[in-house]
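>>> model the structure of this input:
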Amino acid sequence: MGNEVAARLAARLAAETRGEVRFGAADRGRYATDASIYQVMPIGVFVPQSAEDVALALAICRDLGVPIVPRGGGTSQCGQTVGAGLVIDHSKHVRRILDLDVANRQVEVEPGMVLDHLNAALKAHGLWFPVDVSTSAQATLGGMAGNNSCGSRSIAYGNMVHNVLGAQAWTADGALLDFGPYHQASGRAREIGDFLRGLAEGLRPEIEAHWPKVLRRVAGYNLDIFHNQNQRPYTADGSVNLAHLLVGSEGTLALTRSLRLRLAELPRAKVLGVVNFPTFYQAMDAAQHIVKLGGDGTLSAVELVDRTMIELSLQNPAFAPTIRTALSPRINQGAPDAILLVEFSGASKAQLFPKLRQLVELMGELGLPGSVVEMSEDAPQKNLWEVRKAGLNIMMSLKGDGKPVSFIEDCAVPLEHLAEYTDALTQVFRRHGSKGTWYAHASVGTLHVRPILDMRQAGPQGGAAKMRAIAEEASALVRKYQGAYSGEHGDGLCRGEWIAWQFGPRITEALARIKRQLDPGQLLSPQRIVDPPPMDDTRLMRFSPSYRVIPLQPALDWSAWNVQNDPVTERTSAPGTGGDPAQGLAKAVEMCNNNGHCRKFDAGTMCPSYRVTRDEQHLTRGRANTLRLALSGQLGPEGLTSEAVREALDLCVGCKGCKRDCPTGVDMARMKLEYLHQDRQKHGHSLRDRLVAQLPDYARWASRLAPLLNLRNRVPALARLGERWLGISARRSLPAWQRRTFFNAAPASATREQLLAAERPVVLFVDTFNGHFEDENARAALRVLQAAGYTVHVAAKDQAGGSHLCCGRTYLAGGMVDQARAKAGELVEALRPFAERGIAIVGLEPSCLLTLRDEALALGLGEAAQTVAGQALLLEEFLAREAAAGRLEDLRARLAPATRPILLHGHCHQKAFGAVSPVLEVLRLIPDARPELIESSCCGMAGSFGYEASHYEVSMQMAELSLLPALRAAPDALVVADGTSCRHQIHDGAQREAVHVAQLLAQHLAG
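Have a look, this model is predicted:
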């Protein structure tokens, strides 16, 4: 489509609607992909403010002949939400609950409403929408309806089509129609219904012959609503509902304005039996027997987790503790080939315990005694379901160019054939030099499987060619076992061409007639379902034949990603051997498969700036896409130093939430450091950059001028001057300088020699902030460690008169990687002799101490950095470890009881490294202390980020998401926050003084 049409479209959208009009290369590129292997550049992106904006955009596009691609969370796995037209993103604003009828258990929602958000609103009424898809934190209801989504509990509740009661939608001509019960339809909706009935009646023999008789069938249009072929009737009374035509139509027939949904009562109780199997085949064969336990309606799920997913979960710190709870030591010594999650739901746990016993007895009869791990408590069940929900994304964390590829992954076959089908398909993969990774819905015969293919490789042995060959053989198996080729994840670009294979020519022509009837001008998502392209057209793929990475010498070590993998063994080659022209950076960026897990809005850590703006460019996924486009030259020759990259990363606060929560391991905080280095190398450093970065070097001299420097906080004119010259917000107070610091008036501590001779040695690393600005924290930590019976040595430079040791964090924040390397290297060398002796190195500031466990390992500092990282602990981690070993009883005995409630705010890096729980454990050493964790994301300060005038508003909005409201709700509570920036944000935003855990412990020391 020409530039002239694009310009006219953008101009009209801007003039006639209130929505956001985004036609720049980076915005278009961010919306060119979904969670599939495809990439199609749209003409532009439109983010409507309201449903009225959607109607106006439809009219404008119809006038200009521009196709429309509707989009929700953009997590489709088959390319449904990418296309060459105007992408309309409903998820930012068009997401209201329009009507809630609790008595009749119905709700009407706009299409951009996210499933988890709806269920959160329904929980107070004891209701939920039970199409429980694994992407519930990011999947929109409109997208779920367009796809006919199913979910883990479809055996109990059915698919999306079974739970949609009605829809309001615009047809391509702009008419807003009510799609609902056929017998109540009138006008144009009745005409459409009559047309469909005529088609269905004329094709009744073909429908009976070709329509898969399984619950999971989402291919094509639901022409069988007049003659149901599904295992579960579409409606309770057998009537016809015209809304069911739109369910699964993937935006090709109408644009949804609202959906009316059937709700269910929240299960009051659940129990889970995790069945371990020595072989995958046995797991598949057992499914048909397990489902028979659900004759009374209590069986709600039977979900598969295979060995690949188990092993990858064990490698992920966020999932490993949970997956271990599911493994039975009596099966393969705790290393099963597969597990099935068998869930029973009902009115009470007492009612469900007999079901668990039946499951145990059944597995004994099948020759697998001791295979069931019983979980009756809610928390372990919830944790394990979270791992299962992340299953696909965990599998996508495989490093190297070979990735599990979605194209046959949700074929559905009758349960009695499941074991044979999976075994035969495994042989197909083997013949093509690949291996499948399996997971999902054993209860309904839909097992998601993705063979590992290299989609970059061209030619007869390339990924696309193998994809075609495997699809041909898999389709033959599906036909043999009378299954459905498209069972859950839709058609899109990937399976559209297989509709004709599934249904035959007459039904396929009928589907085309339906499309022409509702959308004669091919305005809505053209070339989907009807007239689709070949699935293996590489020109439509993310890694097309023209994809090339711009050569780059990164400042950080990305070699761990620069590998290749074996698709059968999944073993990876040595670091640095992957052939990445960007030395591993590009491959690290490409780990993002667009799954959208980062779009979640719950109490997790990611992604704070997206939670404020709801803008795709501020999402971890959006940033990764921007970097990928830049590194491959799709945003111009500037690569990483382009303006588009700067805009995308500007609000990244380096919280490392993605490092922990992203299932594929995208570490945007580290990627931003790389960007900053590359950008500043080209454009230079600002005065503010240098002042922040070099703070550790001039701090000891500046402290002598403390009274003068502190005038800035008391004289508004100086604050305004600082904002004009340095960009430091005048609305911020700055940390107060002190003349007397920990470093120039250090309390007594052990010498190096005394430490090495001590029975209980500890090295205390005092950072710039806790040494110069809040030295009471360092003094408190020293006092607490000494009171606990430890010999404490304060880490320092060897030479007399030298300044304190520094981790290099401030230099990294300014993009000065070389200087940071020098600082970190100096620190590592000073600490190495202690670390080699197994002596703990304890720090106070999370961002500084955890630099030793993170960035320092990417600075090329060798084995010494690894050795030091192995002994580096935050104070709370060290104390929690020692308490668990029974070595803090003397300290515990000296602590006076707590007299006030205690609230804890975790630093982002503490959360990323799982170091928040240790703070709670340490606080509980205080008698009568009942600390409560504030469920919050980033406080918004994030080092120097919140001090900058350009970021002040966003910084405060981040704080207002959960932190500041929680503090206002507990005015009498004592607030603990270990992060320097966190304490400052609490001071500025809540006018409260938060304390470091070391201070609180010291305050409770008696005597």
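>>> nearest spatial neighbour of Asp401, skipping sequence neighbours?
In space, and not counting its chain neighbours, Asp401 is closest to Asp454: 4.7 Å by CB to CB, 6 or more residues apart in numbering. For every residue, glycine as well, the C-beta is placed using N, CA and C.
>>> now do the residue nearest the centre of the chain, the pLDDT please.
When the chain is reduced to its mean C-alpha position, the closest residue under CA atoms, centre = their mean turns out to be His597, at 2.5 Å. According to the prediction, His597 has pLDDT 87.
>>> try the one 4 residues further on
Phe601 is assigned a pLDDT of 75 by the prediction.
>>> same check on Leu721?
95.
>>> who touches the helix or strand harbouring it?
Using DSSP states H and E, Leu721 falls within helix 716-726. Applying CB atoms under 8 Å, 6 or more residues apart in numbering, the contact partners of helix 716-726 are Leu687, Arg688, Leu691, Leu711, Arg712, Asn713, Ile728, Ser729, Ala730, Arg732, Ala949.
>>> what about those residues, which are in helices?
When DSSP state H defines the helices, the subset of the contacts of helix 716-726 inside them is Leu687, Arg688, Leu691.
>>> these two touch, right, the residue nearest to Asp401 and Gly463?
Yes: counting by CB atoms under 8 Å, Asp454 touches Gly463, with 4.9 Å between them.
>>> which element is Val868 on?
In this structure, Val868 is located in helix 862-871 according to DSSP H and E.
>>> list the buried residues of that helix.
Ala864, Ala865, Thr867, Val868, Ala869, Gln871 (16 or more other CB atoms under 10 Å).
>>> pretty sure the first one is touching Pro833, no?
To tie it back to what came earlier, the one meant is Ala864. No: shown here, Ala864 and Pro833 do not form a contact pair, counting by CB under 8 Å, at 10.0 Å.
>>> going by distance to Leu368, which of the ones in helices among the contacts of helix 716-726 wins?
Within the ones in helices among the contacts of helix 716-726, distances to Leu368 taken as CB to CB reach their minimum at Arg688, with 64.4 Å.
>>> number of residues surrounding that closest one?
Using other CB atoms under 10 Å as the criterion, Arg688 is surrounded by 17 other residues.
>>> quick one: contacts for it?
Applying CB under 8 Å, 6+ apart, we find Arg688 in contact with Leu726, Gly727, Ile728, Ser944, Glu948.
>>> now do the contacts for the second one.
Shown here is Gly727, whose contacts under the criterion CB under 8 Å, 6+ apart are Ser686, Arg688, Glu948, Ala949, Ser950.
>>> and stretch 45-65, average pLDDT?
Averaged across stretch 45-65, the pLDDT comes to 98.
>>> need phi/psi at the nearest residue to Leu176 once chain neighbours are set aside.
Nearest residue to Leu176 in three dimensions, chain neighbours excluded: Trp170, at 5.3 Å (CB to CB, 6+ apart). In terms of degrees, to the nearest 10, the main-chain angles of Trp170 are phi -90, psi 130.
>>> again, but for the one 5 residues further on
Dihedral pair for Ala175: phi -70, psi 130, per degrees, to the nearest 10.
>>> return the per-residue confidence for Ala412.
Reading off the confidence values, Ala412 has pLDDT 85.
>>> wait, doesn't it sit right on Thr446?
Yes: taking CB under 8 Å as the definition, Ala412 is a contact partner of Thr446 at 4.3 Å.
>>> anything in contact with each of the two?
Once CB under 8 Å, 6+ apart is applied, the residues that Ala412 and Thr446 both contact turn out to be Arg216, Gly487, Glu488.
>>> nearest to Phe503 among those residues?
The closest of these, once distances to Phe503 are taken by CB to CB, is Gly487, at 14.5 Å.
>>> quick one: contacts for Ile331?
Asn276, Phe277, Pro278, Leu368, Gly370, Ser371.
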